[in-house]
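Chemist: no letters, just coordinates:
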C-alpha cells in the first residue's frame, strides 16, 4: 500500500489520540510496514550515543529491546546525516553491520530519521529480497516520520534523553 495524504491524515489523527509513548510506537511501526508493504518495521529512539530499537512489527524477530552504538548502526547513520537511507542489498553495503544482519531475513531496507531540532530516532522498514522501494513509498515514510516527531514531542518524559549534540554524533561516526 502506497501512502497518500489521506492515509497520513488518518495516521496523524491516531497519533494525536495516543495517550502513551507505546501507543505512538504501535501506530508508527504498523503504519510504516503497511505503507511500504514491508516484511518488517522498526521504531528506533536515540538514547545518548546509542540507537535503541524500542519496538518492531516483523515477520520474525529483529532487534527489539537492543541498543547499538550510533556509529555502528544504519539508523544512527540516517540520524547523523539527517537523510533517508535506501539500501537495495544489505549484503553489499559497507554501512551495514553484517554480523547483526546476517542472521535475519533483511535483504533491503529504508531508514528514515525522525528529525526535530535534533535527531530523535528513526523508522526502518525491511524486505526479505533485494530491491528499491517506489519513490512514493519513501515520500510517505518521510511524511510518517514528520507526524511521528510531532507525536513524540508530546511525551518528553517517555523518550530516552538524546543527551547529545550533533557534533558529538559526527565525532562518534568519525566524520
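Modeler: That came through, no problem. Just so you know, these numbers come straight off a predicted model, no measurement behind them.
Chemist: enumerate every residue touching the residue nearest in space to the middle of the chain.
Modeler: Centre of the chain computed as the mean C-alpha position; nearest residue by Cα atoms, centre = their mean is residue 123, 1.6 Å away. Contacts were defined as Cβ atoms under 8 Å, 6 or more residues apart in numbering; by that measure residue 123 touches 28-29, 32, 41-44, 111-112, 114, 141, 144-145, 148. No exception for glycine: its C-beta is placed from N, CA and C like everyone else's.
Chemist: which helix or strand contains it?
Modeler: Here residue 123, judged by DSSP states H and E, is contained in strand 119-127.
Chemist: repeat that for residue 110.
Modeler: Following DSSP H and E, one finds residue 110 within strand 108-115.
Chemist: for that strand, name the packing helices and strands.
Modeler: Where contact means 3 or more Cβ pairs under 8 Å, 6 or more residues apart in numbering; DSSP states H and E, strand 108-115 is packed against helix 74-81, strand 85-87, strand 119-127, helix 135-152.
Chemist: buried stuff in the strand holding residue 123?
Modeler: Buried residues in strand 119-127, defined by neighbour count with 16 or more other Cβ atoms under 10 Å: 119-127.
Chemist: sheet partners, orientation included, of it?
Modeler: Applying DSSP bridges to the sheet, strand 119-127 is found paired with strand 40-47 (antiparallel), strand 108-115 (antiparallel).
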